[in-house]
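A.B. asks: what shape does this take:
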Amino acid sequence: MKINKNNFGIYMLYVYPVIFYQFYHYISINVTIAKLLFFAMISGLIVYLMPSLFKIKRKSKYEIPFRLLLLIIVFSMFSSLLFWGQDIILSFRATAPYLGLIYFFLLMKVRPEKEQLERIAFLFCCIYIVLWCYGMIKAPQVIFSSDPDAGIDDSRGIFRLSLEGKGFLVLGFFIAVTKYVYERNVKWLVCFVFLFAIIILQVARQMILFSFLISAVYLLRKTKWLWMIVALATLVIIVNGINININDDGLVSRLIYISTKQLQEHNTGNENVRLLEYQYFLTSYSKNIFTDIFGNGVPHVESLYGHKEVNIKEQFAYFLSDVGYAEVFIRFGFIGLFLYILMFLRAAKQSVSSDIVYAKMFIIYIACVSVTSSWIFKDIIPICISFYLLEMDNLS
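C.D. replies: Have a look, this model is predicted:
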């Protein structure tokens, strides 16, 4: 069958996530081959999309910020060369995962319908669940990881897998919530309850908290008495959770214990480690005002710049992956941070059609969880899908 340019773009909508996640870092797949395919895909798509990258739409809310963000990411590779001595080849290899936002331009070129994107979201949501179940069955044997020697953490009462694609799980959850409200079909109620149960089993507190709060706000936005019950129940849990000594080894108990312990440490004068990380990365990392504005670029572990970041981890136990907005600032400067915040604010303020509210919910979710994690980069594909839907809704 002859593949024309449009068919190629449609196929890439499905192939892109698999290669971007490097086949979910399945340990039986050769790492070198997975990386080569990834670099080739990123390079090829940039060439394929180049003509459309310069087309400007006057009423665009997000395409222009995305284009500027892409330019600042590319420019940051030269910052790494000029100020850190990291050569362009190493910079491209390190920066390629951050170039995942070209998926947005692929969407703008192909122009898929909402229904097709929902199918893609649910497809990769299901793939994630199947792979997660397989990984849990095999645990503590490592099946999916970029570092198989690292082992699997079980400090929260359940194994925490290093598996790519969690963003599709949350996006699928928000789609199910939206469709339940929009269609009032019980199958969507069952679907979003099931997906939220899977979200809980990921034992990621911010992921659980904000997916619950955002969906609750949407579901209960017109029901004041239910809001009173939720607010009262939350207050009781907070007040009692701080004072109760939890001895149960259950999953929920572990999460509550970790959260209350951190709160108690903060109240007794121990400074929150993420506040210290933000303070360090925002004030002591960059070399000069130029890198503050345009970013330092992304370090490669084989360069001296990469060694600097390794030393920070070993000396201070500070991790950029713990502080998403600080990572944006370090990598791509004030301009990159401004562009992300601008798009988040526009999405939060945008009035959207009732059948794509899930796109707005997901962007608000990413804006919230990125304060204490780097999902702003890890979940770039569902982020691009959400911004594309918001852009199409705006243009229509």
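A.B. asks: so how far is the helix or strand hosting V177 from its chain's centroid?
C.D. replies: Element membership for V177 (DSSP states H and E) is helix 166-183. Taking Cα atoms, centre = their mean, to the nearest Å, one finds helix 166-183 lying 16 Å from the centre of the chain it belongs to.
A.B. asks: so how far is V142 from S28?
C.D. replies: 11 Å (Cβ to Cβ, to the nearest Å). C-beta: built from backbone N, CA, C; applies to glycine.
A.B. asks: revised request: answer the last question for P51.
C.D. replies: From P51 to V142 the distance is 43 Å (Cβ to Cβ).
A.B. asks: before we move on, what about R346?
C.D. replies: 41 Å.
A.B. asks: who's more crowded, P51 and V142?
C.D. replies: Under the neighbour definition other Cβ atoms under 10 Å, P51 and V142 were set side by side, and V142 has more, 18 against 9.
A.B. asks: roughly how far does that one sit from G135?
C.D. replies: For V142 relative to G135 (Cβ to Cβ), the value is 8 Å.
A.B. asks: shaky segments in the stretch 1-150 of the chain?
C.D. replies: For the stretch 1-150 of the chain, the stretches flagged by pLDDT under 70 are 1-6, 56-57.
A.B. asks: and the helices in it?
C.D. replies: With DSSP state H, counting those that start in this stretch, the ranges of helices along the stretch 1-150 of the chain come out as 5-20, 31-53, 63-84, 88-95, 102-110, 114-138.
A.B. asks: which one of the ones you listed is the most hemmed in?
C.D. replies: By mean neighbour count, with neighbours taken as mean count of other Cβ atoms under 10 Å, helix 102-110 ranks first of the helices of the stretch 1-150 of the chain at a mean of 22.
A.B. asks: so that one versus helix 63-84, what angle?
C.D. replies: If you take axes from the mean of the first three to the mean of the last three Cα atoms, to 10 degrees, helix 102-110 sits at 150 degrees to helix 63-84.
A.B. asks: which residues touch helix 102-110?
C.D. replies: Residues from elsewhere that reach helix 102-110 (Cβ atoms under 8 Å, 6 or more residues apart in numbering): 6, 9-10, 12-13, 16, 20, 42, 45-46, 49, 52-53, 62-63, 66, 70, 117, 380-381, 384-385, 387-388, 391.
A.B. asks: dump the helices of the stretch 1-150 of the chain to JSON lines, plus distance to H300.
C.D. replies: Listed next are the helices of the stretch 1-150 of the chain as JSON lines, based on distance: least, Cβ to Cβ, whole Å:
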{"stretch": "helix 5-20", "distance to H300": "19"}
{"stretch": "helix 31-53", "distance to H300": "13"}
{"stretch": "helix 63-84", "distance to H300": "8"}
{"stretch": "helix 88-95", "distance to H300": "4"}
{"stretch": "helix 102-110", "distance to H300": "20"}
{"stretch": "helix 114-138", "distance to H300": "28"}
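A.B. asks: of all the ones you listed, which one is nearest Q315?
C.D. replies: helix 63-84 (18.1 Å; Cβ to Cβ).
A.B. asks: mind giving me the packing neighbours of that closest one?
C.D. replies: helix 88-95, helix 102-110, helix 289-294, helix 304-316, helix 324-349 (3 or more Cβ pairs under 8 Å, 6 or more residues apart in numbering; DSSP states H and E).
A.B. asks: okay, V47 and F66: tell me how far apart.
C.D. replies: Taken as Cβ to Cβ, the span from V47 to F66 is 18 Å.
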